[in-house]
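# Sequence first, then the predicted structure:
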Amino acid sequence: MSRSRLAGLLVLLAVVLSACSGSGPQTALNPEGPIGRTIDDLWELVFIMATVVFVIVQAALVYTIIRFRARKGDDSEPVQMHGNTKLEIMWTIIPVVILASIGYPIVKGIFDVRAIAEGPDVLQVQVTGHQWWWEFEYIDLADETGRTLVTANELFIPEDTKVNLTMTSADVIHSFWVPILAGKRDVVPNRVSNMTLIADNPTAPDAPHPGQCAEYCGLAHADMRFKVHVRTQADFDTWVDGQLTPAAIPATGTAGSGYETFNITCVACHNATVADSDGAVDLGPVRTIEVDGVTFTSSLAPNLTHFGQRTTFGAGTFENTSEHLAEWLSDPSSIKPMRPEFNDIAGGRILGMPNFNLSNDEINNLIALLEGWE
Ligand code: CUA
């Protein structure tokens, strides 16, 4: 092997092996919940058994090649041993035993992981996948007028609680995946799919579990991310109360001007629930779709009622800072690939936020409004 080839091979090896470092946040190898653990345990079992089989087979192969090689001056035929019943029974039974010992836990694991969580203690969340963001509705959590808790891209769940996700898609096939908590589940238009999430421990406020759409769904597929925040039951209840409280209408100042812009521009697609003198009022459209007898919230764009509280925006892609927001509001498609020119609001098909050519003042006012809506 030439020196340059050897160098190339070493570089390739370094690149490939660096994938094994396990330091990435979206890893399924350090599960934080029983379902993720079931999958990880199966992976370990199969990996260990496959490694043992590999080592034994390779060792036998290398030994045989060296020990029984043709020696100089010896032209005789090697010993012929086809039709050896004992050997044939042996190499049939051993793989059967190995496959059965892997197969049983795998099939059991598939059923365990796919079981739909039921019962009064299960938190029900409906998920609608959109090009390119996620909508979450807590169908059992509502204010006194019956308005359910709807949020986007940041899912809050209590620790040690079974969460049943009932999912569908508003457009194309997506796939819901929180590597650290569970496997992937396809989110398919005109179909309902389910998956269960259970998380062991609360996450730090700035370190939620990352999630990712895992089915190619067009331009911004890679930026169709989300976060899962795990809270203690008490903190989760506080969060729910906050979410069900309508946002305040700012009367004056930059936020007040931002509120005017919001009502002219943003409400065509985005909803926000505000506290009016008559009670809670939805500023934007509230849309639903019906799939297999289940009614899903299916908004044109993320609900912004408590936007100021979110750690990210743009479907879990950008840290929620005023700098990022200013970039986004001045031209959304410049930082996230979208095709708003194909939007059809009446038809309910949205492919991203258009550039509204907002002035710097309008942008700063909107940021003041949105950051104030905590
Ligand atoms: Cu949605 Cu990929």
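Received, thanks. Residues are numbered from 1 along each chain as shown.
# Next secondary structure element downstream of whichever strand or helix holds residue 226?
Following DSSP states H and E, one finds residue 226 within strand 225-231. Counting by DSSP H and E, the next helix or strand C-terminal to strand 225-231 is helix 233-244.
# and the residue nearest to residue 197 when sequence neighbours are not counted, how many neighbours?
Leaving aside its sequence neighbours, residue 197 sits nearest to residue 163 (Cβ to Cβ, 6 or more residues apart in numbering; 4.4 Å). (C-beta placed from N, C-alpha, C; glycine too.) Using other Cβ atoms under 10 Å, residue 163 has 24 neighbouring residues.
# sorry, back to before: okay, buried residues for the strand holding residue 226 please.
Residues of strand 225-231 classed as buried: 225, 226, 227, 228, 229, 230, 231 (neighbour count, 16 or more other Cβ atoms under 10 Å).
# what sits against the second one?
I take that to be residue 226. Applying Cβ atoms under 8 Å, 6 or more residues apart in numbering, we find residue 226 in contact with 134, 153, 154, 155, 210, 211, 212, 315, 316.
# Greatest separation within these: which pair is it?
Checked with Cβ to Cβ, the contacts of residue 226 reach their widest spread between 154 and 212, with 13.8 Å between them.
# which of those two has more neighbours?
Neighbour count, other Cβ under 10 Å: between residue 154 and residue 212, residue 154 has more, with 23 against 19.
# If that one is in a bridge, with which residues?
Here residue 154 shows beta-bridge partners residue 227, assigned using DSSP bridges.
# Show the contacting residues for it.
Residue 154 is in contact with 208, 226, 227, 228, 229, 310, 311, 312, 316, counting by Cβ under 8 Å, 6+ apart.
# Kindly indicate which of those residues lies nearest the ligand.
The ligand lies nearest to residue 226 out of these, by Cβ to the nearest ligand atom, at 10.3 Å.
# Let's see the pLDDT reported for that closest one.
Each residue has a pLDDT score; the one for residue 226 is 97.
# And for residue 333, the neighbour number?
Count around residue 333 with other Cβ under 10 Å applied: 18.
# my read: it touches residue 341, true?
No. Counting by Cβ atoms under 8 Å, residue 333 does not reach residue 341; the two are 9.1 Å apart.
# need the buried residues of strand 225-231 in JSON lines with distance to the ligand, can you?
Shown next, in JSON lines, are the buried residues of strand 225-231 (distance: Cβ to the nearest ligand atom, whole Å):
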{"residue": "225", "distance to the ligand": "10"}
{"residue": "226", "distance to the ligand": "10"}
{"residue": "227", "distance to the ligand": "15"}
{"residue": "228", "distance to the ligand": "16"}
{"residue": "229", "distance to the ligand": "21"}
{"residue": "230", "distance to the ligand": "23"}
{"residue": "231", "distance to the ligand": "26"}
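# hang on, the earlier thing: could you save the contacts of residue 226 as CSV and add columns showing pLDDT and distance to residue 199?
Below are the contacts of residue 226 laid out as CSV (pLDDT from 0 to 100; distance: Cβ to Cβ, whole Å):
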residue, pLDDT, distance to residue 199
134, 98, 17
153, 97, 18
154, 97, 14
155, 97, 10
210, 96, 13
211, 97, 12
212, 96, 17
315, 95, 21
316, 94, 17
